[in-house]
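Colleague: quick one: sequence plus predicted model below, questions after.
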Amino acid sequence: MRAEDVLPDQQNQGQFNGVTVRKGTVGAFLANARLWLDENSSIAERTMAERDIVDALPALHALGLFDIVQVRDAALRELVTAPTARAG
């Protein structure tokens with residue numbers, strides 16, 4: 001399966017397990033996770049990255065990302081698997 005098979009070029013979002021997921025959600029999560037884990041990031045950058053990660057969690061869980069991919073960093077894994085992360 002190719003990316004355009006999931007969301008065609010002209011489509012910017014889709015419904016997955018009852019949740020609207022925007023194109024780019026997984027890529028944004030990866031970028032935010034890198035920033036959140038980077039010890040050289042400022043507190044403001046980490047805070048914004050964490051907020052964006054938490055906001056994206058309902059979509060990421062609807063996609064089943066964490067059913068397939070294991071987060072290696074313990075703190076990030078706790079953030080994405082916390083019971084409140086699944087609410088949404």
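Modeller: Everything's here; your move.
Colleague: now do the lengthiest helix in the chain: distance to the chain's middle.
Modeller: Ordering each helix of the chain by length in residues (DSSP state H) puts helix 43-63 first. Here helix 43-63 is found 6 Å from its chain centre; the criterion is CA atoms, centre = their mean, to the nearest Å.
Colleague: stretch 64-73 now?
Modeller: That offset, for stretch 64-73, works out to 10 Å (CA atoms, centre = their mean).
Colleague: cool, and stretch 39-58?
Modeller: 11 Å.
Colleague: what average pLDDT does that stretch get?
Modeller: For stretch 39-58, the mean per-residue pLDDT is 97.
Colleague: report the buried residues of it.
Modeller: 46, 49-50, 52-54, 56-58 (16 or more other CB atoms under 10 Å). The C-beta positions use only the backbone N, C-alpha and C, and glycine is treated the same way.
Colleague: now stretch 17-31
Modeller: By 16+ other CB under 10 Å, the buried positions in stretch 17-31 come out as 21, 23, 25, 28-29.
Colleague: residues in contact with the residue positioned nearest the centre of the chain?
Modeller: The residue lying closest to the centre of the chain (CA atoms, centre = their mean) is residue 29, at 3.8 Å. For residue 29, the contacting residues are 53, 56, 60, 65, by CB atoms under 8 Å, 6 or more residues apart in numbering.
Colleague: circling back to that earlier point, how about a markdown table for the buried residues of stretch 39-58, with distance to residue 33 added?
Modeller: Formatted as a markdown table, the buried residues of stretch 39-58 follow (distance: CB to CB, whole Å):
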| residue | distance to residue 33 |
| --- | --- |
| 46 | 11 |
| 49 | 8 |
| 50 | 10 |
| 52 | 10 |
| 53 | 7 |
| 54 | 12 |
| 56 | 10 |
| 57 | 12 |
| 58 | 16 |
